[in-house]
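Colleague: Provided below for reference: sequence and predicted model.
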Amino acid sequence: MQLSVTGHHIDVTESLRNYVGTKLARLERHFDNMTDIHCILTVEKLEHRAEATVYVGGGTIHADSVQDDMYAAIDTLVDKLDRQVKKHKEKLTDHHAREVAKPRFR
């Protein structure tokens, strides 16, 4: 998985980069086919925005979050991405394969 973290109107420090990396590593537990993650951290006046695009096998997943604190924005961003990755993985599984193995009683 390739992770790139960029910042708009903010200097992305090593601690922010490590925090984003450890939080986004949680996504790999649910889905292994992620090729690239691009995260953008933005500060505009009093709001801190974190947005990410995850390139997975079969599509892209995008989420963003706005909070008063950058670390809180990253936390809610990862929660949103986690839900979307689980939903994407659920769509990829073939649920009809189980129905073939079921015996039918008439």
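Modeller: Perfect, thanks for sending it.
Colleague: what's near enough to touch the residue nearest in space to the middle of the chain?
Modeller: Most central in the chain under C-alpha atoms, centre = their mean is residue 81, positioned 3.3 Å from the mean C-alpha point. Residue 81 sits next to 24, 27, 52, 54, 61, 63 when contact means C-beta atoms under 8 Å, 6 or more residues apart in numbering. In this view, the C-beta of every residue, glycine as well, is placed from N, C-alpha and C.
Colleague: ok so it is a helix residue?
Modeller: Yes. Residue 81: assigned to a helix according to DSSP: H, G, I helix; E, B strand; the rest coil.
Colleague: now do the SS call for residue 75.
Modeller: At residue 75 the chain is in helix, as set by three-state DSSP.
Colleague: the residue lying closest to it once chain neighbours are set aside and residue 13, how far apart?
Modeller: Computed as C-beta to C-beta, 6 or more residues apart in numbering, the closest residue to residue 75 that is not its neighbour in sequence is residue 23, at 7.0 Å. With distances taken as C-beta to C-beta, to the nearest Å, residue 23 is found 15 Å from residue 13.
Colleague: having no further points to raise, I will conclude here.
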